[in-house]
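In: sequence plus predicted model, see below.
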Amino acid sequence: VDPERRRELGAWYTPPALVDAVVAATLHEWRPPRDRAVRVLDPACGDGRFLLATARALAAQGFAVRLVGVDIDANAVASATRALAGLDAVVVRADALDRAGDTTGHVAARFDLVVGNPPFLSPLAARNARVASSSPSGAPYADAATQFLLLAWDLLEPAGGRVGLVLPQSVLANRDAGVARSTIAASGALRWLWWSPEPVFDAAVRTCALVAERGGLGTAVRRALGPAFAAVRPAPSPGAVWGALVADLGGVPEPGALALDGTLGDHATASAGFRDEFYGVAAAVSDGCDGPPLVTSGLIDPGVSRWGDREVRVAKRRYQAPRVDLAALTPQVRRWAERQLVPKVLVASQTKVIEAVADPAGVLLPGVPVVSVMPRAATTEELWRIAAALTNPVASAWLARTAGGSGLSANTFRVAASSLMALPWPAGSLDDAAARLRVGDVPATGRAGLEAYGVDPDSERGRSLFTWWIAAAPRRGGRVSDR
Ligand SMILES: C[S@@+](CC[C@H](N)C(=O)[O-])C[C@H]1O[C@@H](n2cnc3c(N)ncnc32)[C@H](O)[C@@H]1O
């Protein structure tokens, strides 16, 4: 298969150690049906390795199997057919997601187990648009892997069927996979999660693996970590918030019981530019021109903008003090830019803790995908309260747990406008925290912010939240580059 096509299909093979770990976790404490063969499906079976490993593990326990492999690729179908020769197995060439075109009946049956490593097409891949139109989720941008997870769930025996899949790590936190998380939480439970802070094999994206049981009750989730699949302490049942399963492995503390009053969305709106704004602005940036300073994520540290003292890259070019020539923008991007030049709080997009900086004068232009948080009440006091709410150990721990797994590296998370709006707002006053932030005292802002959430900064919980937050906050002269 040529490399381009390999990439398109995500068709690397799964390392045997990962296949074995997923199969073992899928069968762990599972009770196979006694009166008939165990029905096993791999809807993207490649050379059949998951099916073979499952058949062997079940045979070792004295159970018979009936295997079904599906793959869209003729070579894969031929290899799987060879690998499974002599077993009770059928391998069909088909697009597993195309249920409308299911002429072989492969997606009509019910299965006790669904295993495998489905392709992870990017949500923007052109081919995916077609796949999505027949998607079980109906979510147009859900990636193919999420759709395979939903397909698997749909095909499982409702009482005790299990799915064990290798998936992109984004399934843990991305909004588009939310439908899969809530479907599983509503009609079953996660049983096992494997996650690795470092990449383990040649996949274009970071991966995880999970086992979930239909009809299962939410109990503790067993977890394995890293290339050695080391067992780590089980996590409490996460419901539909799966990010917490990896965030706590990265040291993010549990915020515990909080005094809350609504969400940040009650106080502000949040938005970020897209591709058009990114490229439109990139074409009008320079170091010398007249115009608003461009503040990228790399220039935002908690409570402070490093614009002018830290070099940045925008669309691969380096700048010392980038400004945007508004006159050089297209009318559409210029309108967007002008809407940004109001009092707001700018929030970095990819971080270990929330990094937010207030722009009370409304003079800074956010570099895409920096999130602009604009107060609903246009007062300076409210703006600083919002900045203080974001410069807070509780808010950071809450977001890190919700969005765990969404970042490009192990311990970072992606800050999306929608998740910021859902951030819990404290019941206590943020005025003290806001006053500290106005004078640039970030540690004192964090301590006062803990109190606003009803957390005593000197309690064990307060200290653990504060220590984690301060240690994860970037230091002066830290990161320099941005997209
Ligand atoms: C990442 S590979 C995994 C193969 C094998 N399960 C393994 O673990 O080594 C993904 C497989 O999915 C197949 N595939 C891609 N899109 C598919 C679709 N819509 N329906 C069925 N199979 C598909 C590819 O041909 C490829 O063999």
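Out: Alright, I've got the coordinates. Numbering: from 1, shown residues only.

In: thought residue 337 was touching residue 366?
Out: No: with contact defined as CB atoms under 8 Å, residue 337 does not count as touching residue 366 (9.4 Å). (C-beta placed from N, C-alpha, C; glycine too.)

In: between the two, which one's more packed in?
Out: Neighbour totals were compared for residue 337 and residue 366, and residue 366 leads with 27 against 22 (other CB atoms under 10 Å).

In: what bridges to the more buried one?
Out: Following DSSP bridges, residue 366 is listed with bridge partners residue 295.

In: do residue 347 as well
Out: With DSSP bridges as the rule, residue 347 is bridged to residue 356, residue 371.

In: going forward, count from 845.
Out: Okay, using 845 as the starting number, the last item reads as residue 1191.

In: what sits against it?
Out: Taking CB atoms under 8 Å, 6 or more residues apart in numbering as the criterion, residue 1191 is in contact with 1114, 1144, 1198-1200, 1214-1217, 1234, 1259, 1264.

In: residue of the protein closest to the ligand, please.
Out: The ligand sits closest to residue 890 of the chain, with a gap of 2.4 Å, by CB to the nearest ligand atom.

In: that residue and residue 921 touch, don't they?
Out: No: applying CB under 8 Å as the test, residue 890 and residue 921 come out as separate, 9.5 Å apart.

In: residues near the residue nearest to residue 1203 when sequence neighbours are not counted, how many?
Out: Spatial nearest neighbour of residue 1203, excluding adjacent residues (CB to CB, 6 or more residues apart in numbering): residue 1188 at 5.4 Å. Other residues lying near residue 1188 total 26 when counted by other CB under 10 Å.

In: could I get the phi/psi values of residue 1188?
Out: Note on residue 1188: backbone dihedrals following degrees, to the nearest 10 are phi -170, psi 170.

In: for residue 1069, same thing?
Out: Torsion angles, degrees, to the nearest 10, at residue 1069: phi -130, psi 130.

In: how about the spatially most central residue of the chain, what does it touch?
Out: The centroid of the chain falls nearest to residue 1250 when counting by CA atoms, centre = their mean (2.7 Å). Contacts for residue 1250 (CB under 8 Å, 6+ apart) come out as 1013-1014, 1016-1018, 1087, 1257-1258, 1260.

In: do residue 889 as well
Out: Here residue 889 is in contact with 895, 913-915, 920, 924, 935, 960 (CB under 8 Å, 6+ apart).

In: the residues you listed in strands, which ones?
Out: 913-915, 935, 960 (DSSP state E).

In: need those in CSV with neighbour count and pLDDT, can you?
Out: Converted to CSV, those look like this (neighbours: other CB atoms under 10 Å; pLDDT from 0 to 100):
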residue, neighbour count, pLDDT
913, 31, 95
914, 25, 94
915, 28, 93
935, 23, 95
960, 29, 97
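
In: would you check which pair of those residues lies furthest apart?
Out: Maximum pairwise distance among the ones in strands among the contacts of residue 889 (CB to CB): 12.7 Å, between 935 and 960.

In: returning to what we had before: nearest to residue 992, of the ones in strands among the contacts of residue 889?
Out: Ranked by distance to residue 992 (CB to CB), the ones in strands among the contacts of residue 889 are led by residue 960 at 7.7 Å.

In: ok, the nearest residue to that closest one once chain neighbours are set aside - contacts?
Out: Leaving aside its chain neighbours, residue 960 sits nearest to residue 886 (4.0 Å; criterion: CB to CB, 6+ apart). Under the criterion of CB under 8 Å, 6+ apart, the neighbours of residue 886 are 892, 894-895, 911-914, 958-960.

In: that older thread, common neighbours of residue 890 and residue 921, please.
Out: Residues touching both residue 890 and residue 921 comprise residue 915, with contact defined as CB under 8 Å, 6+ apart.

In: looking at these two, which one has more neighbours?
Out: Between residue 890 and residue 921, counted using other CB under 10 Å, residue 890 has the larger neighbour count: 26 against 21.

In: what residues does the more buried one make contact with?
Out: Residue 890 makes contact with 855, 857-858, 915, 920, 923-924, 960-961, according to CB under 8 Å, 6+ apart.

In: before we move on, what about residue 1176?
Out: By CB under 8 Å, 6+ apart, the contact list for residue 1176 reads 1120, 1124.

In: which SSE is it in?
Out: For residue 1176, the host element (DSSP states H and E) is helix 1175-1184.

In: buried set for that helix?
Out: 1177-1178, 1180-1181, 1184 (16 or more other CB atoms under 10 Å).

In: mind putting the residues you listed in CSV, pLDDT and distance to the ligand included?
Out: Formatted as CSV, those follow (pLDDT from 0 to 100; distance: CB to the nearest ligand atom, whole Å):
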residue, pLDDT, distance to the ligand
1177, 97, 37
1178, 97, 42
1180, 97, 37
1181, 97, 41
1184, 97, 40
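
In: so which of the contacts of residue 1191 is the most crowded?
Out: Among the contacts of residue 1191, the one with the most neighbours (other CB under 10 Å) is residue 1234, at 31 neighbours.

In: distance check, the residue nearest to residue 894 when sequence neighbours are not counted against residue 869.
Out: Spatial nearest neighbour of residue 894, chain neighbours left out: residue 959 (4.4 Å); criterion: CB to CB, 6+ apart. For residue 959, the distance to residue 869 equals 10 Å [CB to CB, to the nearest Å].

In: how many neighbours does residue 1029 have?
Out: By other CB under 10 Å, the burial measure for residue 1029, its neighbour count, is 18.

In: is it in a helix, a strand, or coil?
Out: With DSSP: H, G, I helix; E, B strand; the rest coil as the basis, residue 1029 sits in helix.

In: surely it meets residue 1084?
Out: Yes: the pair residue 1029 / residue 1084 is scored as a contact, 4.1 Å apart, by CB under 8 Å.

In: just the helices from the stretch 1045-1194 of the chain, written as ranges.
Out: 1087-1091, 1119-1126, 1175-1184 (DSSP state H, counting those that start in this stretch).

In: hey, what's the angle from the last one to helix 1119-1126? Just curious.
Out: Put plainly, it is helix 1175-1184. 90 degrees (axes from the mean of the first three to the mean of the last three CA atoms, to 10 degrees).

In: which ones are touching residue 1260?
Out: 1019, 1116, 1215, 1247, 1250.

In: switch the cut-off to 10 Å
Out: Residue 1260 makes contact with 1017-1019, 1114, 1116, 1193, 1213, 1215, 1243, 1246-1247, 1250, 1266, according to CB atoms under 10 Å, 6 or more residues apart in numbering.

In: spatially nearest residue to residue 1103 (excluding sequence neighbours)?
Out: Distances taken as CB to CB, 6+ apart put residue 1298 closest to residue 1103, at 3.3 Å, once the chain neighbours are dropped.

In: revised request: answer the last question for residue 1238.
Out: Spatial nearest neighbour of residue 1238, chain neighbours left out: residue 1297 (4.6 Å); criterion: CB to CB, 6+ apart.

In: isn't that neighbour up against residue 1267?
Out: No: Residue 1297 lies out of contact with residue 1267 (CB atoms under 10 Å); the separation is 11.4 Å.

In: have a look at the two and say which one is more surrounded.
Out: Neighbours per residue, other CB under 10 Å: of residue 1297 and residue 1267, the larger number sits with residue 1297, 26 against 23.
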